[in-house]
Each structure stands twice: as C-alpha cells, then as structure tokens.
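Engineer: whatever this is, show me its structure:
(chains A and B)
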Amino acid sequence: MKECNTTCPYCGVGCGVRAEVEGAKVIKVVGDGDHPANAGRLCVKGTALAETLGDEGRLLHPQLAGERVSWNHAIDTIATKIRQTIETHGPESIAMYLSGQLLSEDYYVANKLMKGFLGSANVDTNSRLCMSSAVAAHKRAFGEDIVPCTYADLDTCDLLVMVGSNAAWTHPVVYQRIVAAKKDNPDKRIVVIDPRRTATCDIADLHLQIKPGSDAYVFSGLLNHLQNNSAIDEEYVARHTRGLPDTLAAIGDLDMDTVAESCGLDPIELNRFYSWYANTDRTVTMFSQGVKQSATGTDKCNAIINCHLATGRIGKSGAGPFSITGQPNAMGGREVGGLANQLAAHMDFSPAEIDRVQRFWEAPDMIDAPGLKAVDLFQAAADGKIKFLWIMATNPAVSLPDSDMVKRALERCEFVVVSDCTEQTDTATHADLLLPAAPWGEKDGTVTNSERVISRQRKLVAPTGEARPDWQIITDVAQRLGLKQYFDYPNPAAVFREHAALSGFENEGSRAFDIGALAQLSDEEYANMEPIRWPVRTNDDDSEPLADGRFYTADGRAKIVPLVPELPQAQNDITVNTGRLRDQWHSMTRTGRVPRLSQHRDFFSISVNPEDAAKAGLVEGDLAQLENSLGMVRGLVMLDPGIARGQSFIPIHWSEQFSTLGKVSQLIPAVTDPVSGQPQSKFSCANIAAVPVACWGMVFSKDPLQAEGIDYWSRIAVKGGYLTIIADGRSPARVAEFLKQALADKKQSVSAYSDAEHGDLREVSSNNGRISHALFLHPDRNALPLRAWLSTLADQTPGWELLAGFSSERPDTGKMICSCWEVGETEIVTAIAAGASSVEALGDALKCGTQCGSCIPELKAILYSEDEQIRNAG
Amino acid sequence: MKQRLLIVGAGMATAYLLQQLDQQIHDYCITVVGDEEDVCYNRVLLSNLLAGENSEDDLHMLQAMERVQFIPGSRITDLGTTARIAFSENGESFPYDKLVLATGSSVARPDTDGTELKGSMVFRSLADARELHTLETCGKRAVVIGAGLLGLEAAHGLVKLGFETCVVHRNPVIMNRQLDSEGGSHLQQELEAKGIAFRLSSSLKEIRANDGRVSAIELDDGSVEVCDLLLFASGIVPNVQLARRGGIDADRGILVDAYLRTSKPGVFALGECCEFGQQGFGLVAPIRRQAEVLARYLCDTPTSGFAIEDYPTQLKISGVDIYRAGELDSDAEQIVLRDSASGLYRRLVVRDNRLVGAVLVGDKRGGTWYSELIREGCDISALRNSLIYGKEVAEAQLGAAA
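Structural biologist: All right, here's what the predicted structure looks like:
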C-alpha cells in the first residue's frame, strides 16, 4: 500500500486528502491533516471518494458516431474539423466549453490554443455559472479578480455575514470550521441572509429571510445606514477608494423601512444586522451562488464589496468580502484565463495586454476581443453560428439554463466533441466524437481553491481504458494542427511552469496574480509541491494582496460601484430557487454511483412551503409538477417550512440519467447578468400542480431500469444495483405490462404476487441465485416496501418470501441522517429516548455527526423535536 | 355383562375409532373383523411404501390394545340386525350389542372389457403394494387412470418403483376436486418434474391385451398408450353391500345421522362407507371427527354430534404439499402468489374483506391459520397486504406498521 496526498475534486474549499492506494486501486481516502484548507477534515462526499472510482459507467475508448476509434483517428478528426471549420466559417465558428473540474494545466493549454493559435476567444467554462459575477465585481472594484480573504479570516472575524450560502451543505468543511470558531469565541456573531431557512441557519444569531433576489437592497441600505451613522472609514475611503458619493447618490434616500419592505423583512431584525455591522470592525461577508446566480449578480457582489470598502474592512485580518466558489478549480480556471472575457493570467483585452500575451506565446493568431460567454455561446450554436464545439468535463445539457435551447445547440452544431470520464451523460448523447478523459485520481496537475491556495491533484492509479489527461488530448490536437513547437510539453509540470512564467511576465507588481517564482520548479519539485497561496512573487514580497490598500486599477484606488437595487419579477404561482444538496455533486456522474450518498436525499424531490403544498392539494411525498413556458419538472413533494410561502427549492443534480423531468434547468430562462454573463439560476417562476398518480412503484434492478415512458421515475444506486421509484397515471396492471419488456430477462425464475382488486402487484426475479429485479407496484405509495429494505436486496436469497416486501429481522433505521457513519433517524430517536440529550452525546452513542459534521443541524432538529414531543406529552 | 361392540372393517376409520374409545371410560368388549390380512394400517402412506420412502412398520396405526380382538382375513357377508348378529363368509357368527360398519370403499373399475386382465389392478391395500413390489419394473410402463389423490399417489409410488408412468385423467385439471385450474397446473408441473407424464382431458376407451396381459390402452381420441401395468384410481365407491343386505338404508353410502346412527338400532357407520347430509367422506379430518363423535356417543359422553364443516383438504402428493380450504369462487377477489423456482402457488379468495377460500400448493404453511380466518369470518383488511405470506409475516408487518 502507498499513500499519496492529493486534493479533493468537489467544491471550492479545496480540501487536501490522503489516498491509500493498493495495487491499482484507491482503497480509502482520508483528510490530509497538513493541508491548510481542511486540516484533516473531510465532508461525506470527500470521504466517499474511493467509492466513486472504478470502471462502472466509464468511457473507455474514443467513439466517433458511436463507433470505437483509435486515438490517432480521433485526434486527426478533430484537427481536420477545426481546420475545415475555420477555413469555411472563420475562427469565431469554433468554441470550447470548459469546466471548473479541469486542472489549471488542462485549462491553460486549451485557452492558449484557442486564443493564441486558432484565433477564437469563444472559450468559456462552466465556472461562468458559478462565480463569474464575483469575478466581474472584483474586477470592477479592485481592478483585478482578487479574493481578498482566506479561511483564517473566518476564524478571526467577530461578525460573519453569510449571504446566499448554504455552506453547511455546499462547503461543509468550511462550515465546520466556522462552527468551531464560534465555539471558541461565543461572542462571534453569525448572520445568514438567505430566502430559505437552511441547515446553515443552525449557527446563525440572526437569519434574515429575504425575498428572493433582494440582497442588493440589504447592502445598499446598509451603505446608507453606515453613512448615516458615521460608520464610514473616512480615511480609508479618501486614500484608497473612489465612487462613494456617486454610489450614495445612486442609492438615494433608501431608508430602512423601504429596504425592509423590499426584502420582506422585519425592520427590527434588519436594524439589528445593520448595527452589528456598523459596530464590528472584524467583519467578513461570505457570499456564494445565492448572490451570484442572478440577473443582477455583479451588482449584488459589488453592493457587498462597497460596504467593505466604505468601512475599510478589507485586506485586514478577520475582514473582507469573501466569495466562496463552487468548483474545485474555478479559481485556477480564472487564473489561466479560462473565461471568454479574460485573456490569460489575470490579463484583459487592452492592446498592451494582448500584445504582452502574444509575445509571450509567440502566437500567430491572437484574438483581439472577448469571446462568447457560456449562455451566448450555446445560443450562438443554437442559431447555427458555432459549427465546432468541444466540451470538456462538464454536462451543459443539465447545468445550463433553458435546457431545450442547449439541446437545440448540441443538435444543430455540426461537430460536437465531448471529453468526459463518463460514457452516459445528457451531453454525451449529443456528441459526434466522445473522448475518454482521465478523471480525478488518474491525472496530474494543480487546482486553486477559494482562498487562492494552489494544490496538487496527483495521479493515484493508471488511467482506466484508453483515458488520457485533457492537457495531453489538447496538445495532441495542437500538434496535429502543426503547432508542435508551441505545444510541446513533456508533462503537466512543463505546462505549469509556462503558466507561472506568464503570470510573472512583465508583471512587476502590476498584477496581483503572480506565481512567477514557481516558473523555475523542477519536475521533482512540482511532483512534491506543497499547497501554496498566491501571490508567489520572484522578489520575496510575500504581502497579501490589498493589504497595503493598493488596488490594481489605473489609479490604484478601489472603486465603490454605484448601483440601483432591482428585484426579479415573479410571474407564476411560485418562484423557483435552485441549489445543491448535502451529499450530491453536480449532475451526479460521480456521487450518483455511491449508494450511501443517495441515502440523505434519495429521489428527485421539490421542496415547497407546507401551506403552498396544501393549497395545491399536495402532501409530503406526492408527485408535483412545476411548469412554465420553457419546460417542466416533476418531483416528489418535500414539505419544508424553511421555505417561505410562494417559493420552492429544486436541487440541481438530476439529469435524464437519474430521473425523468428532473432537470431544473428546464425551468430556468437564459437570463444572464449583463456584466458577468452569469445565468440567473436562483430565480425562475412556475406554476405548481399535483400530478395524479394511479400507480406507485419501487423497482430494485441489477442493471439500470429503462423506465422511459413512465410518467415519473427517479433512480439511485444501492448496493449491488439500482433502486428506481416510479409513479404513473396508469393502473398498476398497465404499468406492470409496460415494464415487462424493460425487465425481461431470460433464464430467470420469477416469484409473483398479485392482489388485482387492490392493484397490489409484486414480482421478484432471479438468475443463478441472485436477484435480477424486484418490482413492487401499488396505488398507495405508503404500501410499498421501505427503501432501507429494498436497498439490501442484492444480498438477499431470492425466494417468494421476499414478496412480502420487508424482513422482520432487519430493523429499519429510518431516513439516513449521518451518511459518514450511516446512522438513520430511527436509531437517533431511540438513542435520544435512551438519554442522549445533545449532539455530542449522540456522537458518543452512535458516532453520528462526528466525521464531516454536516448532519449536525439535522441532529439538532431531531433533538429539538423529540424534546418538544416530551414537553407536549408532559 | 360387558357389552359387545363389533366393528366390521379394519381400516383407518376403525383405527381412529379405537383410539377415541381408548380415551373414553367404557366396558365394551370389542371385536374387529377385517377382510384384509392386515389391520388398521395407514393407507395414506401406501404410496410412500411403494416409493420406498416408508417401511411397513411405519404404517402401523395402533399400539396393542386390551379388550380388542382383531380377526383379520375374514369377510362379514350377512347381518341380522334384529337378532344383532353378523355372519362371516366362512360361516362364523358374531353376536353384538353394538355394530359399527367401517367397511370403507373400493376403487371403481370402468365398465370396459379387460379390467380383470393380468397387469390390470387397483392400488388400495397393503396387499396391492406388496404385489406391485414383486413386479419387474425396469423399462416397464405404467398407466394410471385418474389424477385424483389416489391416482397421483399411486403414480408417485410407481415412478419411484421404476415404472415409466403416465396418468390419464378425464378433467383438464388434475386434482380438480381440490384445486383450481392454476393450482392444478402448478402441481402438474411439479409432478412432471418428478417424472410423471399426464394425458389430461382424456378417458379410457379400450384395453388392449397381448397373451392374456394388458399391453396398451386406447384413449377416446384414438391415441394409444402402451403399458405393462394399468392401475385404476378413478374414484371410489363406498362399500354398502353388507349394509344393504342387513336392510340398512343406504344411498351412495350408508345413511347416518349426526351420531353416526344408521336406520337400524344399535348399528352405526363411519368413514368412507357412510353418507351424511348427502356427502361422502374420503379425507382424514372429517373421519377423525366422526370417530370422536361416535366414540363419545357409544360411551354416553356428551357430544355435539357430527356436522358438515368445510374441512380443509390437507395433502402431500409426491412430496408436494396441498392445502385447500373454503370456496374458490372465481368471482370474488383473488390474491395470488406464484413462484416458478419452488413451484409454489397460493390463492386466497376474499369477499367483503373476509377470507373465504384458500388454496396452497407446494407449501402449506399458514393453511391452518387461513382455515381459522375463514371459519371465524374475521375482517382481514389490516392483514391483507401480507396475508398470503402466513401468520408470522402478516402479524410482524402489522406490528411494524403500528
């Protein structure tokens, strides 16, 4: 066995992990105690990393039009297509769509090839969906995309404002760090600003449950309040900023009452926040997707930054506006210039910068202007303007808004290349050429996390099948295009050195992003590189950016950006908010394979306020449909009193691979922020209706069930197979008939149960002593066997007794609360009854909550509700 | 003086009666006269004996009993019911105070020529079993007429004995008196898997002989089944000749009342030879009940009398359990379970949330519970989801849901 340090591929926290590798297999992943981001902690997704590896569902060979081809043929085909497309339609007809999952080295060569050698700036990334509004706001305010905080500031601040962030679920390790810091310093105040009462509110001293999209009102009003209460740092403003008067003028007489009304807040609570803010020097405002994924996302980010600039709370310990990114290498992508409106190494499109990069690259076909941003890029493809599109490591058919438009784009574009590690994705089904890319654990490179720490992702095992790292695929294409001298890298270290050199090239303090000192790393030093926070300058200057009050604008001053808050307009019954769940990642291509990660939330569900549900005639677990002019989703109703009336929350993870009509992007219009181009994924509107169901079903199957044609289905991985829930308007008998073909299997023995009168149909079929499928249909979903039992079927001996749908021997542990230790609600309730009266006591008794800690809010909720029941009973 | 109790017939009904009498306080002097050489053996196990699964010893039903005299190999042929005396074929006379007729039944042979040929026989007694055991079986073919309990049991034994065996049955469904058609076909599959062949919806037209021995049969569709052994098992006829000769009222069987009394004072009848409420009896459960009633009546112990109940049918054919209780009305609601691997089949019939019928093939666990539920007419709504899996599962599920 060998141990290898690497970096987790999930969120932007960028935790260091230690992988234990035995032979060609990663057997275990634990937190790296020496990594600055997590100091050994890991969330449940990271803990389950080893379970996401392996051959299952992997794309193993290049496939052209569905046929396996050689790499040589695939590279040839791409080179030919690129050359022909440029010759016929010009360079702007080709595009690349990259991903925050790529490593900086992959990103660097893709960006260089497109912008320097193919003459197209149409290279954008899914980071556009995640943090481009923060980038735009940083650039407007600071002159450069600089995150002026580190995680240590979360420890040292006295007031932490979390805006549009459910860090408890989306950045669990950072959240646990905040929890620990608050425990160490009980005076630390935490304010959560979010339209939902999320798990993160568990530690909040104050939760401002604002109307969706009203964040800019809160912070514009705050700026006014600071001004009116003499809380402005006049000296800082005078020395280091400009724009405050204009900004205050733009805000006008926005008073507290108006803000409270616009945001749907109690003025007393709003005032409490304002006075805490006014009176706390060490304030960090941590903001995330809830702010950025908006048609006015850039303004919202600037509204936040404005308050920090006006109070001089930036570039100091325990103070600053802190954008937390979603993806493992969103930051690295920004650094190399992976966005269409960045050039490279934090340089823009001024003639001097274009010239500088052109000289550095010795580039013959340098672009001279920004390219198309994600949504525009796909719209252009849908309009027939993009003829060649290469998508890497992302699933835009699921993640981009207006899925139908994206589908049209993929269908209309003449040649679509998709590089991915997964064979079946909603995007891959539209590819002309599929390339097997090496995923996490099979390739080398670097990523940058939300606090500017560059860490190595290391190759742990050999690539599966014929998979290759993306940087290599791209440089192979470049070389085939005759660009060998510019793309002749023996390894990712060489790419990294060039990237580092470009960051330092003619820099001399003009750009904060400077890792010039790393341009001299030897291959061995690169191999052993420890996590390091940029800047890493050649001149021994190790000061933090912005600490000296100097900004990267023309005059060295920060800009306080004038803006007028706006509210998104609701049109239908209910507004749609979207986001991540605790245990899933993106379109579930990785996490969807791990049974325990589907235990916290299993099937595609829509969370709504209980009163709205009642109004629509819906109870928990019913099938609901949300529909607007763009499309429709169908999911199981989850009642959530933490969601305000008139709102809904839909997770982003479901694709056509895991559910029918589970893609929330179907409901999201392609509305983007005018500055950043980031889509407004957090706000849409739809009408909600109950979907009549005559037949509910649960199907365990060894292989994924092909349930197309069923009104609603959603699938999770369980041990040894899959579990699919189905709901349909037809009778159980008709549904059984319909499913017969999908479940047909030769040489099998079948046990069947039928109570036709009650529509109770059950079937267990087996092959060589192993269950191949088990089907349970009933008009009443509560009559179906429990998921916990169904999930054990792979281990059960086939027999008619299984048709009873439960085993009295195996106690049902209830809804999974702690995924790390697999502790269910029933066990927790039992332990509470037995005297465990705190989260700690539960941890001692059951271990729940003792690893990643992301279930602690739920543990507390259960403790509270059990306590309440006892009080009521008493 | 002690009362003399004469029992004619030494079959299973007699064995049950003796067992019951043994539990009563009485001062009868009991004589049992049987026409077979063997007395009171378990006829149900004959096919197992044939199959080599049981020994003759296993078939004995009684321990040695005081005050009971057995006279085997003697056939009673006449009765004087006024004088209360019975006469045997060889002229012996048996005076009695009370007479119990337990003469059983015989297998009906069809009225086709050749039923008395060599190689044509019935399988009803230990003697028959012994005879079959003496036969050369290797490469030989047997045809059994009738796929009721008797025929299937015989076929099972014959297959085990080494015969290639085919069962001919008039009805398209085997065991059609006990099973529904699907249950029959499940059982048939099980039996086919064990080597028994079937010709259903067929009846015997002609027996063919060669050299004085059965050589083949022709069926009503003209097809021919070659056979070395032809075994009749197509229905039983109560043995009522003796009763008739004694002037005792008989229809198909000897008519009895609820206390098993015949039309003549002091004369009783039970078992397969009797008829009550226009029904005959061939299964163990009601006959045991008759034995109990009669024993109590004879000993002046209060008894509620025999009544027609829906006695569940409980059988094991060729190792396959069969259980059937209540009605199998196809218009009512049906809960059905089928298992291709084990050949298990269950059907429960429900009307107005009450279980009214059950048929179980392959695994009779739960049968007694179903009979209880049928008899008591309980509302089964709460148990319905798991009713078919038996009492433990249903109650556990009910518990889990609570």
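
Engineer: next one: phi and psi at residue 178?
Structural biologist: Going with chain A. Dihedral angles of A:I178 (phi, psi; degrees, to the nearest 10) stand at phi -70, psi -40.

Engineer: actually, chain B is the one I wanted.
Structural biologist: phi -100, psi -30.

Engineer: the helices in the stretch 151-300 of chain B, which residues?
Structural biologist: Assigned by DSSP state H, counting those that start in this stretch, the stretch 151-300 of chain B shows helices spanning B:181-193, B:241-245, B:284-298.

Engineer: same question, the stretch 51-200 of chain A
Structural biologist: So, for the stretch 51-200 of chain A - with DSSP H, counting those that start in this stretch - the helices run A:71-89, A:104-112, A:132-142, A:151-156, A:167-170, A:172-184.

Engineer: what do you get for the stretch 551-700 of chain A?
Structural biologist: With DSSP H, counting those that start in this stretch as the criterion, the stretch 551-700 of chain A has helices spanning A:610-615.

Engineer: can you get me a residue count around A:E411?
Structural biologist: Other residues near A:E411 come to 11 when the count uses other CB atoms under 10 Å in any protein chain shown. C-betas here are computed from N, CA, C, even on glycine.

Engineer: list the contacts of the residue lying closest to it once chain neighbours are set aside.
Structural biologist: In this structure, A:E411 finds its nearest non-sequential neighbour in A:H430, 6.4 Å apart by CB to CB, 6 or more residues apart in numbering or on different chains. Residues in contact with A:H430 (CB atoms under 8 Å, 6 or more residues apart in numbering or on different chains) are A:397, A:407, A:410-411, A:416, A:418.

Engineer: run through who's touching the host helix or strand of A:A238.
Structural biologist: Element membership for A:A238 (DSSP states H and E) is helix A:234-240. Applying CB under 8 Å, 6+ apart, the external contacts of helix A:234-240 come out as A:244, A:309-312, A:549-551, A:557-558, A:560.

Engineer: all the strands of the stretch 451-600 of chain A, residue numbers only.
Structural biologist: For the stretch 451-600 of chain A, the strands defined by DSSP state E, counting those that start in this stretch occupy A:453-457, A:532-533, A:558-559, A:574-579.

Engineer: can you add mean pLDDT, mean neighbour count and distance to chain B and give those back as JSON lines?
Structural biologist: Shown next, in JSON lines, are the strands of the stretch 451-600 of chain A (pLDDT from 0 to 100; neighbours: other CB atoms under 10 Å in any protein chain shown; distance: least, CB to the nearest CB, whole Å):
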{"stretch": "strand A:453-457", "mean pLDDT": "97", "mean neighbour count": "25", "distance to chain B": "47"}
{"stretch": "strand A:532-533", "mean pLDDT": "96", "mean neighbour count": "17", "distance to chain B": "55"}
{"stretch": "strand A:558-559", "mean pLDDT": "98", "mean neighbour count": "26", "distance to chain B": "64"}
{"stretch": "strand A:574-579", "mean pLDDT": "95", "mean neighbour count": "24", "distance to chain B": "34"}
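
Engineer: okay, B:G80 and chain A: tell me how far apart.
Structural biologist: According to CB to the nearest CB, to the nearest Å, B:G80 stands 60 Å off from chain A.

Engineer: what parts of chain A come near chain B?
Structural biologist: Taking CB under 8 Å from any CB of the partner chain, the part of chain A that reaches chain B is made up of A:749-758, A:760, A:766, A:783, A:798-801, A:803-806, A:808, A:812.
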